[in-house]
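**Student:** Below: sequence and its predicted model.
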Amino acid sequence: MQTAVLQLQRQNIMRLPADPSQLAVARQFAEEAAERFGLDETDSYQFKLAVSEAVANAIEHGCPFPDGTVALELIEETDSLSAEVTDCGVFTTKMVADQGSLLERGRGLAFMTVFVDELDILRGESHTVVRLTKHRPGLTG
């Protein structure tokens with residue numbers, strides 16, 4: 001007898017004004033999702049920080065939707081929790097002329113990768129999506 005695996009999926013979408021004052025709202029939204037998903041305190045905190053950084057980058061470096069917002073979508077599946085941060089900017093990478101210099105800025109992507117299991121950047125012609133994924137501890141595929 002074959003057992004079917006049920007893929008549960010909950011989606012929560014939030015549009016935030018593209019203003020740094022909204023970062024606390026994004027952090028709370030991510031933290032609540034992480035707790036519902038069952039992440040422990042450390043993983044929940046890491047997920048929240050990564051989401052906050054992605055939203056901050058969308059606000060500072062991206063381009064808001066015509067209504068002045070950026071989107072934050074939380075996607076809960078059986079084995080993973082993901083956040084997708086979307087803005088209307090076009091993602092580009094900047095080359096650093098002097099690789100030996102210590103940069104005060106521009107380390108957001110590296111920062112996020114420390115705290116999540118997967119980081120994907122989906123580039124469209126008129127938008128960018130940063131997808132952050134944290135896997136459920138203890139599940140093997």
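**Tutor:** Received, thanks.

**Student:** Please tell me the pLDDT value assigned to Gly141.
**Tutor:** As predicted, Gly141 sits at a pLDDT of 48.

**Student:** Actually, Ile59.
**Tutor:** If you check Ile59, the pLDDT there is 95.

**Student:** tell me which element it is part of?
**Tutor:** helix 41-61 (DSSP states H and E).

**Student:** in the host helix or strand of Val114, what's buried?
**Tutor:** Using DSSP H and E, the element containing Val114 is helix 108-115. Neighbour counts using 16 or more other CB atoms under 10 Å place Gly108, Met112, Phe115 of helix 108-115 among the buried residues. C-betas here are computed from N, CA, C, even on glycine.

**Student:** Could you list every helix and strand that the helix holding Ile59 packs against?
**Tutor:** If you count contacts as 3 or more CB pairs under 8 Å, 6 or more residues apart in numbering; DSSP states H and E, helix 41-61 packs onto helix 23-37, strand 69-76, strand 80-87, helix 108-115, strand 128-135.

**Student:** and these, which one is worst for confidence?
**Tutor:** helix 108-115 (a mean of 83).

**Student:** tell me what it is packed against?
**Tutor:** helix 41-61, strand 118-123.

**Student:** Name the residues that touch it?
**Tutor:** Residues from elsewhere that reach helix 108-115 (CB atoms under 8 Å, 6 or more residues apart in numbering): Gln46, Phe47, Leu49, Ala50, Glu53, Ala54, Ala56, Asn57, Leu119, Ile121, Val130, Leu132.

**Student:** Now for Val85: which residues touch it?
**Tutor:** Val85 neighbours (CB under 8 Å, 6+ apart): Val51, Ala54, Val55, Asn57, Ala58, Val70, Ala71, Leu72, Val129, Val130, Leu132.

**Student:** Distance check, Cys63 against Leu119.
**Tutor:** 21 Å (CB to CB, to the nearest Å).

**Student:** now for the helices and strands packed on helix 41-61, which one comes closest to Pro17?
**Tutor:** Closest of these to Pro17 is strand 69-76, at 5.8 Å (criterion: CB to CB).
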